[in-house]
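A.B. asks: Provide a 3D model corresponding to the input given below.
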Amino acid sequence: MKIDTIYKTFMAFAIIILSLASASGQGAYTVVLNSQVKYEVPGNTDIQTYEWKVYTDNLLTTEALVSECILATVTGEPNAIVVDWLSDGDYYLTLYATGINGCTNKKAWKYTVVSTPNIVFKDLTSDDCADLDPQFAVEMIAMFNSGTELPVSQYPITVNYRLDGDSADRTATVNFADKMLQVAGVIENEINETINHIAIMSATNKYGGTLNVVTGKEIHTRTIHPLPIVNDIEY
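C.D. replies: Numbering: from 1, shown residues only. Here you go, the predicted model:
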């Protein structure tokens, strides 16, 4: 699974900032299940050691199990950590930073891991006149069960899809700016009407998190109309 990077600073992105023994806050970052994300704070020469932990309670007393998340250090970057989010729920990513004077500062960020973001075609049908161009674009919608669309931080989305007759997946990238799936290889015929079915096989977010392919909204039907027949000119 590809590891991508999120840069988190203490002040600009922190939802929860701790200086006491518990965590509290007004919201949480949302993470898609199976996402593998790198988090880091700015390096500081006054900090001697960085210790990263993930807890399942806001009192920071119960550490997450390896079945819930896995933490991996980054070689040469003690101020960074890679977290593989493996189970739904609320978690508190916590950093203990100990300075050269022996004092320790503790900060935590709350994350809610969800496994149910969906991806669908905005429209299930489209048509065009035959022009022998085997490519077209169709808009995708990716959203959480709450109805909130995935934010830009979750993009680009990788979509594996198939056309009629395919025995292997084709792969395309959907960007946040236009949310368009670029489909290549549709069949066009100037004489006969042709119907193409584009089926989403699977999809993942920027960090490898799985998106749910919704049954009934995972197939787009593309109809290509033939051109009118024009006979030779008569004199």
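
A.B. asks: what's the nearest residue to the most centrally placed residue in the chain if we skip its chain neighbours?
C.D. replies: Nearest to the geometric centre of the chain sits residue 205, at 1.9 Å (C-alpha atoms, centre = their mean). Setting aside the residues directly before and after it, residue 205 is nearest to residue 154 in space (C-beta to C-beta, 6 or more residues apart in numbering), at 4.4 Å. Using the backbone N, CA and C atoms, a C-beta is placed for each residue, glycine as well.

A.B. asks: quick one: contacts for that neighbour?
C.D. replies: Applying C-beta atoms under 8 Å, 6 or more residues apart in numbering to residue 154 gives the contacts 32, 117, 142, 205-207, 209.

A.B. asks: Could you export the residues you listed as JSON lines, including pLDDT and secondary structure?
C.D. replies: Shown next, in JSON lines, are the contacts of residue 154 (pLDDT from 0 to 100; DSSP: H, G, I helix; E, B strand; the rest coil):
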{"residue": "32", "pLDDT": "88", "secondary structure": "strand"}
{"residue": "117", "pLDDT": "86", "secondary structure": "coil"}
{"residue": "142", "pLDDT": "93", "secondary structure": "strand"}
{"residue": "205", "pLDDT": "91", "secondary structure": "coil"}
{"residue": "206", "pLDDT": "90", "secondary structure": "coil"}
{"residue": "207", "pLDDT": "90", "secondary structure": "coil"}
{"residue": "209", "pLDDT": "89", "secondary structure": "coil"}
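
A.B. asks: Looking at these, spot the one nearest residue 219.
C.D. replies: residue 142 (16.6 Å; C-beta to C-beta).

A.B. asks: Pull the contacting residues for that closest one.
C.D. replies: 117-119, 149-150, 154, 157, 174, 179, 203, 205, 211.

A.B. asks: Pull out the buried members of those residues.
C.D. replies: 117-119, 150, 154, 157, 174, 179, 203, 205, 211 (16 or more other C-beta atoms under 10 Å).

A.B. asks: In terms of helices and strands, where is residue 37?
C.D. replies: Using DSSP states H and E, the element containing residue 37 is strand 36-40.

A.B. asks: Give me the buried positions along the next helix or strand after that strand.
C.D. replies: Using DSSP H and E, the next helix or strand after strand 36-40 towards the C-terminus is strand 47-55. Under the neighbour-count criterion of 16+ other C-beta under 10 Å, strand 47-55 has 47, 50, 52-55 buried.
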